[in-house]
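K.L.:
From the sequence below, what's the structure:
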Amino acid sequence: MEETLSEQTTTNLTCRTFRDEQDFRAIAGLLSAAALVDGPKVARTVDEVRRYLTNPIALPEENVFLFEADGQLVAFGRTEFEEGVD
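P.N.:
Predicted coordinates for the structure are as follows:
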């Protein structure tokens, strides 16, 4: 049986996979906070985050990773695949 990464902790930083609707809100909040430094182009609404992470080839429960420090979202990442690449 193949094991997958679902949660890994090092000191106070936790890496976990996407869970539910609350994660869309947390990611939108993180991007809004980043927009204060990086400019408004970075900000995304909850609906924009949901559309981006649930497109037809995205599986957020398998391909989106959230990084939390003391329970606060500090970063996220998404594995992306390209169809038809030789």
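K.L.:
And the helices in this structure?
P.N.:
Per DSSP state H, the chain carries helices over the ranges 21-38, 46-53, 60-63.
K.L.:
Centre-most residue in the protein?
P.N.:
Phe76 (3.9 Å; CA atoms, centre = their mean).
K.L.:
OK, contacts around that one?
P.N.:
Residues near Phe76 by CB atoms under 8 Å, 6 or more residues apart in numbering: 27, 30, 64-67. Every residue, glycine included, has its C-beta placed from N, CA and C.
K.L.:
one more time with 10 Å
P.N.:
With contact taken as CB atoms under 10 Å, 6 or more residues apart in numbering, Phe76 is in contact with 15, 18, 23, 26-27, 30-31, 49, 53, 64-68.
K.L.:
now do Val64
P.N.:
Counted by CB under 10 Å, 6+ apart, Val64 has contacts 16-19, 23-24, 27, 52-54, 58, 76-79.
K.L.:
Likewise for Val37?
P.N.:
With contacts defined as CB under 10 Å, 6+ apart, Val37 has no neighbours.
K.L.:
Quickly note the distance from it to Leu31.
P.N.:
11 Å (CB to CB, to the nearest Å).
K.L.:
One more: Arg25?
P.N.:
Distance of Arg25 to Leu31, computed by CB to CB: 11 Å.
K.L.:
show me where pLDDT drops low in this structure?
P.N.:
Within the chain, the segments meeting pLDDT under 70 span 1-11, 85-86.
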